[in-house]
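**Q** what shape does this take:
(chains A and B)
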Amino acid sequence: MIDRSPKPPEALMRVIAQDLRPVKPSPRPLRLVLRAAPLALLVSSLVLLATGVRGDSGILGPLLTWGASAAQFTLAIVLVWVAAHESMPAGRLPKETVYSTAAAALLMVVAITLSTFSLSPAGSTLRIAGALPVPPWIADLACGIGSTVAGGMLVLLFTWIFRNSLATRPTIAGALYGAGAGLAINAGWRIACPFPTLRHTLGAHGTAIVATVLLGALIGRLLGSGRTKSRTANNI
Amino acid sequence: MIRYQGGSLEAFQEIYAELAGAVRRYLAHLAGGAQIADDLLQETFLQMHRSRAAYNPAYAVRPWVFGLARNVVLMNRRAARRWAQVHESREELPDFAVFPEADRLGSRDEIRRGMASLSADQTEALLLHHEWGFSFDEIAGMLGISAAAARARASRGMADLRVALNSLQRARA
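**A** Numbering: from 1, shown residues only, chains lettered A, B, ... in the order given. Okay, here's the model as predicted:
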């Protein structure tokens, strides 16, 4: 009997045969994300170890200080989980789920910012700021640059975790884990930052989150376009 | 797939023999031509090889490879802006097997013409379900839509196909 099943072309077989080292199967998206969560929590908490808890935490209460950050961190992990699904060719979530999770994250950050601002008004903020040895614009720079750098580190960590990503929309997947990194960092940073003014929150912290989203999207796009070049490089 | 992840060349050949034919037809449908499908088929299996560590054995292999094939077409479409060229140069209707549900509705040529009148989303869902036998949950995971939306696309596609075939048959009569 003649075997009529398709055979791989010689050129493809050559490439396959060149690299047949055993590989470890990727974990499920939830397990993948839960593995990254402790490290994300550590990077997010570094600023707290350095500067301590914000001066107005007594006015805000534990729910708005720690509870809001815990909720924000959880949502950050959910965003990374959505990105993990987006990175699988056969495990994608519906577009509505992806976009509504991103919208929920944005709304949560805005709600937390406004709640914090309304309970810790400018008067007490200025008192706290007056007690600090630096002018507000230096605090803006410190929070903006510091949380962008910390967020960037987390984006690089997620990039390494998603190095085998097969996302159909790599820019979206990257933006999602970038947003997760930004939110995770902000969850720790907001407990340490004593400036709850809208200008500072939007200008410094908001910009840092936007920067990590853009960084993630850019890396995702670069990795995605790198995949399309692989075939040409192998001369198949 | 687990043996392949462990480094077995024979396992790769088995996967290729098992899936290449169906994946090629799917690629021909997505990209609109047999010649480009051959090209993209090699690229799909190369991507599969490079990303074999990304496969989780908890998931079925077939939807994973089909999803990867779809991914390859979309990435190529974006990278080389080939899609427009493909559509400009498409001279013949795509070649695919006529699935049993459609077979009784008309001749092969009529069905191909009817399918050509459907939207790309409907045709894809219809073929994935009826020709390649994927469940709506699997289609949902591949297309990034809900299972209900996948079912709706396929059933609307089938309904529109019936309408298109009726029009064709009436015109012929």
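**Q** pLDDT averaged over the helix or strand hosting B:Gln42 - what is it?
**A** Here B:Gln42 sits within helix B:34-50, counting by DSSP states H and E. Taken as a whole, helix B:34-50 has a mean pLDDT of 86.
**Q** buried residues in that helix?
**A** Using 16 or more other C-beta atoms under 10 Å in any protein chain shown as the test for burial, helix B:34-50 gives B:36-37, B:39-50. C-betas here are computed from N, CA, C, even on glycine.
**Q** hmm, it touching chain A?
**A** Yes. Applying C-beta under 8 Å from any C-beta of the partner chain, one finds helix B:34-50 in contact with chain A at B:Gln42, B:Glu43, B:Phe45, B:Leu46, B:Gln47, B:His49, B:Arg50.
**Q** middle-most residue in chain A, spatially?
**A** Of all residues in chain A, the one closest to the mean position by C-alpha atoms, centre = their mean is A:Ala181, 2.0 Å from it.
**Q** that residue and A:Thr159 touch, don't they?
**A** No. Counting by C-beta atoms under 8 Å, A:Thr159 is not a contact partner of A:Ala181; they are 9.6 Å apart.
**Q** and for those two, which residues touch both?
**A** Jointly contacting A:Ala181 and A:Thr159 under the rule C-beta atoms under 8 Å, 6 or more residues apart in numbering or on different chains are A:Gly216.
**Q** past the helix holding B:Gln42, which element shows up next along the chain?
**A** That would be, after helix B:34-50 and using DSSP H and E, helix B:61-80.
**Q** contacts for that next one?
**A** By C-beta under 8 Å, 6+ apart, helix B:61-80 touches A:88-90, A:92, A:166-168, A:224-225, A:227-229, B:1, B:15, B:19, B:22-23, B:26-27, B:30-31, B:40-41, B:43-44, B:47-48, B:51, B:55, B:82-83, B:128, B:132, B:134, B:138, B:141-143.
**Q** how about 7 Å then?
**A** Helix B:61-80 has contacts (C-beta atoms under 7 Å, 6 or more residues apart in numbering or on different chains) with A:89-90, A:166, A:168, A:224-225, A:227-228, B:1, B:15, B:19, B:23, B:26-27, B:30-31, B:40, B:43-44, B:47-48, B:55, B:82-83, B:134, B:138, B:141-142.
**Q** what of stretch A:61-79?
**A** Contacts for stretch A:61-79 (C-beta under 7 Å, 6+ apart): A:33, A:37, A:41, A:44, A:57, A:101, A:104-105, A:108-109, A:112, A:115-116, A:119, A:176, A:179-180, A:183-184, A:186-188, A:190-191.
**Q** restricting to C-alpha, output that stretch in PDB.
**A** Extracted C-alpha coordinates of stretch A:61-79, given in PDB (Å, rounded to 0.1, in the frame of the first residue of the first chain):
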ATOM      1  CA  GLY A  61      -8.200  54.500  56.200                       C
ATOM      2  CA  PRO A  62      -7.000  51.000  55.500                       C
ATOM      3  CA  LEU A  63      -9.600  50.300  52.800                       C
ATOM      4  CA  LEU A  64      -8.600  53.200  50.600                       C
ATOM      5  CA  THR A  65      -4.900  52.800  51.300                       C
ATOM      6  CA  TRP A  66      -4.300  49.100  51.200                       C
ATOM      7  CA  GLY A  67      -7.600  47.700  49.900                       C
ATOM      8  CA  ALA A  68      -7.700  49.900  46.800                       C
ATOM      9  CA  SER A  69      -4.100  49.000  46.000                       C
ATOM     10  CA  ALA A  70      -4.900  45.300  46.500                       C
ATOM     11  CA  ALA A  71      -7.800  45.600  44.100                       C
ATOM     12  CA  GLN A  72      -5.600  47.400  41.600                       C
ATOM     13  CA  PHE A  73      -2.900  44.800  41.800                       C
ATOM     14  CA  THR A  74      -5.400  42.000  41.300                       C
ATOM     15  CA  LEU A  75      -6.800  43.800  38.200                       C
ATOM     16  CA  ALA A  76      -3.200  44.200  37.000                       C
ATOM     17  CA  ILE A  77      -2.800  40.400  37.300                       C
ATOM     18  CA  VAL A  78      -6.100  39.900  35.500                       C
ATOM     19  CA  LEU A  79      -4.800  42.100  32.600                       C
END
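**Q** next SSE downstream of the lowest-mean-pLDDT helix or strand in chain A?
**A** Each helix and strand of chain A was given a mean pLDDT (mean pLDDT, DSSP states H and E); the minimum falls on helix A:122-130 at a mean of 53. Downstream of helix A:122-130, the next assigned helix or strand under DSSP H and E is helix A:136-161.
**Q** the residue in chain B positioned nearest to chain A: neighbouring residues, count only.
**A** Chain A sits closest to B:Gly67 of chain B, with a gap of 2.9 Å, by C-beta to the nearest C-beta. For B:Gly67, the count of nearby residues is 24 (other C-beta atoms under 10 Å in any protein chain shown).
**Q** can you check the one 4 residues further on too?
**A** Summarising burial for B:Asn71: neighbours were counted as other C-beta under 10 Å, giving 25.
**Q** what's the answer for B:Phe66, then?
**A** So B:Phe66, with other C-beta under 10 Å, has 25 neighbours.
**Q** the helix holding B:Gln42: how far from the chain's middle?
**A** 13 Å (C-alpha atoms, centre = their mean, to the nearest Å).
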